[in-house]
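**Q** How does the following fold in three dimensions:
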Amino acid sequence: MDGSINTRRLRGRDAAREFCRLIAGDAPLIFEGYFPREIAKAKDDHGRRIVGTFEQCRAELEAWEAEGRSVYLHPNPGGTKKGSIIAIRALSIEFDAPGEGHAQHHSLPAAWHIEPSAIVRRGASLQAHWLLSDCAVASFTELQTRAQRFYQSDARAIGEWRLWRMPGFK
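**A** Numbers count the residues shown, from 1 in each chain. Reported below is the predicted structural model:
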């Protein structure tokens, strides 16, 4: 269940380090770790959050994974809630696989209009990420929605504040 960046054919922590470098360079990111829903509910655990570069946070992220948490990151800077994002680093869309606890399944595209900067796979699910340098925050949701409709990806995975799977972690 290890995520990977297909365009670079990296695996494990190399994929995680490269993904963070692609998304943010040397700038800090917001990472979050969550137990699966049924475990979180039983433990009354609402997740963990840490801010820093991948290398600064690596030991903590690995500890979260050892506890059984899935690891995620917020690619766009400024915060974790709607209205808190101050810049756009990446546009991302998600394709859920059948039978992996997803409410619905989305077919992968046969071709891309522009090759994604990174593709993160987890099992048969996939997230496509395009790095952006000139997208206004106010324009992001419309742009992401257009990409989602074009590729018929998950319509629930829309918003500049969303968090995404961290490649190289479960």
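
**Q** in the chain, which helix or strand is least confident?
**A** Taking mean pLDDT, DSSP states H and E as the measure, strand 4-5 is the helix or strand of the chain with the lowest mean score, a mean of 47.

**Q** where does G159 land in three-state SS?
**A** Classification of G159 by DSSP: H, G, I helix; E, B strand; the rest coil places it in coil.

**Q** I figured it was touching G83, is that so?
**A** No: with contact defined as CB atoms under 8 Å, G159 and G83 do not form a contacting pair (10.4 Å). The way it works is simple: take the backbone N, C-alpha and C, and place the C-beta from them, glycine included.

**Q** Tell me which of those two has more neighbours.
**A** Ranked by neighbour count (other CB atoms under 10 Å), G159 and G83 place G159 first, with 15 against 9.

**Q** residues in contact with the more buried one?
**A** With contacts taken as CB atoms under 8 Å, 6 or more residues apart in numbering, G159 has the following neighbours: K82, T141, Q144.

**Q** Which positions in stretch 121-129 come out as buried?
**A** Residues R121, R122, S125, L126, Q127, A128, H129 are the ones in stretch 121-129 that count as buried (16 or more other CB atoms under 10 Å).

**Q** Do you know the pLDDT at the third one?
**A** For S125, the model assigns a pLDDT of 78.

**Q** does it have beta-bridge partners, and which?
**A** Using DSSP bridges, the bridge partners assigned to S125 are R122.

**Q** Might one say that it is in contact with L108?
**A** No: the pair S125 and L108 does not pass the contact test of CB under 8 Å, sitting 9.7 Å apart.

**Q** What is the nearest of the buried residues of stretch 121-129 to W64?
**A** Nearest to W64 out of the buried residues of stretch 121-129 is R122 (CB to CB; 15.9 Å).

**Q** State the distance from the closest one to K43.
**A** To K43, R122 is 23 Å away according to CB to CB, to the nearest Å.

**Q** Appreciated, that's everything.
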